[in-house]
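Engineer: Here you go, sequence then predicted model.
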Amino acid sequence: MRSLALILTTSILAANAPGLAQAEPAPALHAAMALATPSGPGASVGEVTITQTPSGVTFALDLHGLTPGPHGFHVHANPSCAPTVTPEKTTPAGAAGGHLDPAKTGMHMGPMGEGHLGDLPVVQVDAGGEAHVILAAPRITSLDQLRGHSLMIHAGGDNYADQPAPLGGGGARVACGVIEG
């Protein structure tokens, strides 16, 4: 315990010592998340902050107002959360396109698989409709890979396979945010 106190005290003193260089904050990207509605982005449901680490990027979720339970979470190809409208149907956040897949694998294999680069870990929303968690994406090695794209939260979970249902069996697009920064 003494050594921890010494380390903490030394760190605090060094951080506040005049003339010592302060560490620059890590660069980050942000996505303001809003409900995906047929008329476009709706009410805010929070924010996701994305930072670079030596072992990939992390997604820090600060979300509220969602349905409790598991939700599919993905990087989508386009920087838009607008709906798409056809004579047959309106798709909330449809302009975000499909999952980010720069290698054109055409496969949904999860965050550790060799399929879509945009496959991220499932988001678990608590009974109060909140998710405050940091998720790792080790296959995404640079913030530059995320610029010009969007984040999507889907209804239902994600089994990271295209069977028995395509795209992990996830449901409708629930919330969307354009990655900026």
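Structural biologist: Perfect, thanks for sending it.
Engineer: contacts, neighbours, all on C-alpha from now
Structural biologist: Noted.
Engineer: Determine the longest strand present in this structure.
Structural biologist: strand 40-53 (DSSP state E).
Engineer: helix or strand for the closest residue in space to Thr49 that isn't next to it in sequence, which one?
Structural biologist: Nearest non-adjacent residue to Thr49, counting by CA to CA, 6 or more residues apart in numbering: His30, 4.6 Å away. In this assignment (DSSP states H and E), His30 forms part of strand 28-37.
Engineer: Report the rounded mean pLDDT for that strand.
Structural biologist: When pLDDT is averaged along strand 28-37, the result is 98.
Engineer: What residues of that strand count as buried?
Structural biologist: 29-37 (16 or more other CA atoms under 10 Å).
Engineer: Can you tell me which of those lies closest to Ala127?
Structural biologist: Nearest to Ala127 among these: Leu35, at 18.2 Å, using CA to CA.
Engineer: same for the longest strand of the chain, what does it pack against?
Structural biologist: Packed against strand 40-53 by the contact rule (3 or more CA pairs under 8 Å, 6 or more residues apart in numbering; DSSP states H and E) you find strand 28-37, strand 56-63.
Engineer: sorry, back to before: of the buried residues of strand 28-37, which is the nearest to Glu88?
Structural biologist: Distances from Glu88 to the buried residues of strand 28-37, taken by CA to CA, are shortest for Thr37, at 16.6 Å.
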